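J.: build the 3D model from these lines:
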Amino acid sequence: MTIPTEPIGSIPRPPRLIQAITASGDHADPKLDSLYEEAIRDTIERFEATGSPVITDGEQRKYHNFWTYCVDGLPNTSPDGFKIPFAAGHIRHMPRLTSGPFRYKVSADRFLDVALRYAHVPVKQAVISPSALSLMYPAEGLPGYTRDEFIDDLLREHEAEVRSCLRKGAHKVQIDFTEGRLAIKLDPSGHLLNSFIDLNNLALARFSIEERKRIGVHTCPGGDRDSTHSAEIDYGELLPSLFELQAGNFYVALAGEPDRAHVLKIIRKHMKPDQRIFVGVVSPIDPHIESAEEVRDRIMQAAEYIPVEQLGTTDDCGFSPFSDDTSTSRDTAFAKIRARVLGTALATEMIAGQNADRRR
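T.: Residues are numbered from 1 along each chain as shown. Sure, this is the predicted structure:
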């Protein structure tokens with residue numbers, strides 16, 4: 001039995017692209033199109049060279065970041081929205097909705113269109129969760145546009161995006177849910193997290209069981225400039241609720257956890273029989289490049305808790321979820337991905353050998 005392995009999403013942008021964006025001051029400047037295209041082509045070529053059986057476009061053209069790519073530049077928003085504080089001391093901001101209606105400006109299937117032109121292996125597409133975007137609606141409300149109306153619009157936009165990606169041939173559609181762990185930090189009572197789970201399940205309920213087999217949810221403590229926003233929050237506060245989401249696949253950051261066995265015990269207790277768990281086996285914010293043997297050993301540990309037929313491997317997080325992050329190089333990112341691929345193959349081989357020994 002082969003253990004599937006998939007990336008999370010982002011790859012650091014080429015320095016030349018970052019410099020050009022900075023000089024222009026406009027991520028959407030048409031003069032940058034050729035540089036974006038070059039970055040996507042190069043990313044896919046290097047991704048495929050790692051041997052990864054599933055790739056992404058590296059999110060090279062997700063303007064600004066993985067969180068707000070679909071709403072950047074909307075005229076009915078203000079930049080002074082929800083704050084995401086990181087342990088390193090810096091803060092990222094979300095846009096704030098200033099009036100209705102809520103609409104996406106860009107849908108992720110546009111990125112998939114370009115990636116599929118270059119790729120020779122399956123391509124997955126990451127999208128942002130409805131719960132993350134729900135933070136755009138101001139607590140004080142908006143005149144003439146209720147929160148219920150906003151949620152209806154949000155769910156419709158999200159569904160359309162996911163359906164377009166599935167229809168166009170995405171191997172998987174991954175819903176980024178990094179705000180799950182952050183929700184507990186912001187509201188230890190769990191009410192905010194529960195509202196996020198409920199909202200995302202409203203979205204997932206719009207898809208059939210077969211469609212949900214190609215939909216996954218990614219959770220991590222954030223990753224930006226070698227820092228996190230919620231790593232201090234115990235996974236025990238999140239994972240029981242996470243596995244209530246009606247998705248077929250879960251991508252769980254694990255490599256960077258100080259006590260992996262503790263997390264794996266929680267996963268074993270709360271995972272459902274129809275869910276595949278992709279555990280993180282390389283840490284994007286750790287400058288150390290894991291060896292294939294280190295990855296193999298992490299997978300073998302995970303296999304003690306998760307049935308092999310439900311086990312997969314992934315990266316803990318994207319390597320550059322925010323487009324201006326240069327803390328990790330492209331070379332390091334692809335070296336870590338190659339280690340994940342090789343380590344997964346080693347673990348598959350070792351498990352197959354163990355099974356053969358048992359049959360003798």
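J.: hang on, A20 packs against S34?
T.: No: using Cβ atoms under 8 Å, A20 is not in contact with S34, being 9.8 Å away. C-beta here means a position set from N, CA and C on the backbone, and glycine is covered the same way.
J.: can you list contacts of stretch 153-162?
T.: With Cβ atoms under 8 Å, 6 or more residues apart in numbering as the test, stretch 153-162 has contacts from 70, 100-104, 107-109, 127, 129-130, 133-134, 173, 175, 199, 202-203, 206-207, 215.
J.: dump the C-alpha coordinates for that stretch into PDB.
T.: C-alpha atoms of stretch 153-162 as PDB (Å, rounded to 0.1, in the frame of the first residue of the first chain):
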ATOM      1  CA  ASP A 153     -23.200  35.700   0.000                       C
ATOM      2  CA  LEU A 154     -20.000  34.300   1.500                       C
ATOM      3  CA  LEU A 155     -21.200  30.700   1.300                       C
ATOM      4  CA  ARG A 156     -22.300  31.200  -2.300                       C
ATOM      5  CA  GLU A 157     -19.000  32.600  -3.300                       C
ATOM      6  CA  HIS A 158     -17.000  29.900  -1.600                       C
ATOM      7  CA  GLU A 159     -19.200  27.100  -3.100                       C
ATOM      8  CA  ALA A 160     -18.700  28.500  -6.600                       C
ATOM      9  CA  GLU A 161     -15.000  28.700  -6.100                       C
ATOM     10  CA  VAL A 162     -14.600  25.100  -4.900                       C
END
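J.: quick one: distance of it to the chain centre.
T.: Distance of stretch 153-162 from the chain centroid (Cα atoms, centre = their mean, to the nearest Å) equals 18 Å.
J.: sorry, back to before: who's more crowded, A20 and S34?
T.: A count of neighbours by other Cβ atoms under 10 Å puts A20 above the other of A20 and S34, at 17 against 10.
J.: so what secondary structure elements neighbour the helix or strand containing the more buried one?
T.: Assigned by DSSP states H and E, A20 falls within helix 15-24. Using 3 or more Cβ pairs under 8 Å, 6 or more residues apart in numbering; DSSP states H and E as the contact test, the elements touching helix 15-24 are helix 33-49.
J.: and the residue sitting nearest the centre point of the chain, bridged to which residues?
T.: In the chain, the centroid-proximal residue (Cα atoms, centre = their mean) is D176; its distance is 4.1 Å. Note on D176: beta-bridge partners by DSSP bridges are I128, H218.
J.: gap between it and P14?
T.: As for D176, its distance to P14 is 23 Å (criterion: Cβ to Cβ, to the nearest Å).
J.: try S241
T.: 38 Å.
J.: just T68 next, same as before
T.: 22 Å.
J.: which one's more surrounded, those two?
T.: Ranked by neighbour count (other Cβ under 10 Å), T68 and P14 place T68 first, with 25 against 17.
J.: contact partners for the more buried one?
T.: Contacts of T68 (Cβ under 8 Å, 6+ apart): M94, P95, I128.
J.: which of those has the weakest pLDDT?
T.: Here the lowest pLDDT out of the contacts of T68 sits on M94, with 88.
J.: what about it, how many residues close to it?
T.: 20.
J.: just Q275 next, same as before
T.: 19.
J.: tell me what the nearest residue to it once chain neighbours are set aside is bridged to.
T.: Spatially, and ignoring its direct neighbours in sequence, Q275 is nearest to F250 (6.0 Å; Cβ to Cβ, 6 or more residues apart in numbering). Beta-bridge pairing of F250 under DSSP bridges involves V217, I277.
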